[in-house]
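Okay, here's the prediction I keep looking at, along with the sequence it came from:
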Amino acid sequence: MPENKFGYEQMLEINTAHCPTDTELNRLANFMTGNHKKIPAGFTYLGQFIDHDISLNSAFVDRIPPWGSIPESNISNKRTPFLNLETIYGFESSTNPAETETDLWMAGNSKTLLKLGDTKATPIINKVFVGKDLPRIPGSSMAQIVDSRNDENLAVAQTQVAFMRFHNAVVKYLNSDDSAETFEKARKITTQHYQWIILKDYLPRVIKKSVLNDVLTSGNQFYFPKAKTPFIPLEFSAAAFRFGHSMIRNSYNWNRFFNDDQFPSAATLRNLSKLTGRGGLGGNDQLASEWAINWNLFYETPDSPFGKFNVAEAINTKISGALGLLPDNLGQFPTTFDRSTSLPALDLYRTRAFGLPTGQAVAKRILGTEERMLKPEQIADLLPANLKYTFSKETPLWFYLLAEAEIEEYGQNLGEVGSRIVAESIVTLIRLSDPSILENNFTPNPDFFPHEKEFGMAQLLKFVRKMAGNQDFDELNPLS
């Protein structure tokens with residue numbers, strides 16, 4: 001049989017083989033196939049709701065002069081730094097001093113149920129959805145709630161409505177008398193399940209599970225607050241926990257009227273800001289019924305539609321262009337992106353105003369060595385030519401943590417440094433809360449998620465639907 005004379009040779013005759021390790025090649029293959037986990041978009045706004053629950057700083061960063069800084073002693077937190085649903089139950093901290101406990105309970109002098117608002121029938125949907133909006137101040141579009149920030153974005157507002165409806169579902173489940181004792185029992189149960197969702201459903205999606213497990217089993221390495229008067233770490237509040245801004249999409253499939261197949265379009269960020277008390281509710285004093293949210297599009301349920309489900313943007317250095325519009329500038333496209341027009345710019349100003357160190361300094365402290373830090377050339381690869389020299393070696397902490405997530409975790413979750421800051425902060429605040437699920441071996445009530453392995457946001461919403469009973473609309477998707 002004749003010898004085969006056809007073979008293979010290098011064209012360029014470069015006799016230096018590239019031999020990456022198996023692990024390196026496997027990671028590259030994983031990256032190329034795009035086989036990455038996707039975070040349901042609802043968790044973007046759950047994160048914002050959590051942030052409002054524990055932090056409201058007194059510093060007006062957008063009003064300080066250029067290059068100004070704020071001494072730590074001048075920054076106070078107007079929230080109690082615990083995971084206790086203060087933005088729902090914190091009557092003493094209401095933005096309206098005239099409000100009392102009964103202002104936040106249902107009409108009819110109920111001592112157990114939280115007061116909710118109804119949607120408004122319109123020519124598009126001539127129907128009222130009872131209890132599907134925040135309660136509104138009579139004669140005003142403004143919500144009658146503890147923290148007005150939860151009514152600056154419709155997705156956050158609906159997240160608060162979901163937890164309020166969960167409280168009311170727990171009251172119904174208890175089947176007890178209409179007393180202050182029943183209210184406090186329902187409040188405790190609601191708060192405990194909220195903490196469970198944060199610890200078991202939210203954190204494992206957005207930070208490294210190995211870091212979370214290490215904090216839970218071995219304790220903290222850096223954050224040691226006083227038990228009765230804990231501080232919120234500035235590295236957490238002004239940088240690490242602002243990773244959620246990168247998860248925001250320009251638009252969402254909201255329901256059957258507002259999605260990418262329909263006219264006018266999916267729900268844009270400007271829609272979601274305008275359909276709030278601060279945005280004027282589209283000229284109404286209640287939420288228009290056609291804007292009732294379909295939760296199946298935001299959390300994974302058996303009814304989540306294929307192809308329409310909203311997933312969060314990757315955690316990386318790319319921020320939605322719509323976040324160039326702060327609420328006071330809705331409808332105006334800024335010609336420059338500074339702290340008066342841009343939320344990302346305001347985040348960057350905040351890290352400077354609070355005197356935070358560079359991302360490199362924080363990473364070296366947490367990782368213990370420069371070898372594990374991001375290299376300047378890695379950061380430079382993310383930057384345009386005119387910014388490489390300025391920011392590749394000395395990088396604002398917020399940007400560094402987003403770059404770490406993008407480079408080391410493919411944008412699926414925060415990296416080692418960001419995860420450590422977030423895990424130590426949130427786990428500690430849960431531990432110091434009263435009640436706390438990290439005491440007495442708490443587990444969720446199995447009646448709240450029958451036939452399912454875990455309790456999370458999807459299960460909370462389904463329990464609310466179950467306890468609502470036979471009503472004329474689907475709890476998770478009123479416009480179905």
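Received, thanks. Quantities reported herein were computed from a predicted structural model and do not represent experimental measurements.

give me the low-pLDDT residue ranges for the stretch 101-250 of the chain?
Within the stretch 101-250 of the chain, the stretches with pLDDT under 70 are 101-103, 107.

Apply 80 and report the result again.
Across the stretch 101-250 of the chain, the ranges flagged by pLDDT under 80 are 101-109.

any chance you could map the helices in it?
154-174, 180-196, 203-206, 209-218, 234-237 (DSSP state H, counting those that start in this stretch).

Let me have those helices in a markdown table, adding mean neighbour count and distance to residue 50 as columns.
To be clear about C-beta, it is placed using only N, CA and C from the backbone, and glycine gets the same treatment. What follows is these, written out as a markdown table (neighbours: other C-beta atoms under 10 Å; distance: least, C-beta to C-beta, whole Å):
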| stretch | mean neighbour count | distance to residue 50 |
| --- | --- | --- |
| helix 154-174 | 23 | 10 |
| helix 180-196 | 19 | 9 |
| helix 203-206 | 20 | 10 |
| helix 209-218 | 15 | 15 |
| helix 234-237 | 23 | 12 |
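
Tell me which of these lies nearest to residue 128.
Nearest of the helices of the stretch 101-250 of the chain to residue 128, taken as C-beta to C-beta: helix 154-174 at 14.8 Å.

Would you mind pulling the contact partners of the helix or strand harbouring residue 363?
Residue 363 is part of helix 359-367 when elements are defined by DSSP states H and E. Helix 359-367 has contacts (C-beta atoms under 8 Å, 6 or more residues apart in numbering) with 221-222, 235, 356, 370, 372-374, 393-397, 399-401, 403-404, 416-417, 420-421.

buried residues in that helix?
359-360, 362-364, 366 (16 or more other C-beta atoms under 10 Å).

for the record, mean pLDDT for that helix?
Per-residue pLDDT over helix 359-367 has a mean of 97.

Output the contacting helices and strands for the next helix-or-strand element following it.
Using DSSP H and E, the helix or strand that directly follows helix 359-367 along the chain is helix 376-380. Applying 3 or more C-beta pairs under 8 Å, 6 or more residues apart in numbering; DSSP states H and E, one finds that helix 376-380 makes contact with helix 397-408.

so the helix it packs on versus helix 359-367, what angle?
Helix 397-408 and helix 359-367 are oriented at 70 degrees to each other (axes from the mean of the first three to the mean of the last three C-alpha atoms, to 10 degrees).

Surely residue 239 and residue 351 touch.
Yes. Contact between residue 239 and residue 351 holds when scored by C-beta atoms under 8 Å: they sit 5.6 Å apart.

Have a look at those two and say which one is more surrounded.
residue 239 (27 against 23; other C-beta atoms under 10 Å).

ok, back up a step: overlap in contacts, residue 239 and residue 351.
396-398.

closest to residue 116 among those residues?
residue 398 (35.6 Å).

Show the contacting residues for that closest one.
238-240, 242, 347-348, 350-351.

Return the member of these nearest to residue 178.
residue 242 (41.7 Å).

got the contact list for the closest one?
Taking C-beta under 8 Å, 6+ apart as the test, what residue 242 contacts is 347, 398.

Quick check: residue 449 touching residue 457?
No. Counting by C-beta under 8 Å, residue 449 sits too far from residue 457 to count as a contact (11.2 Å).
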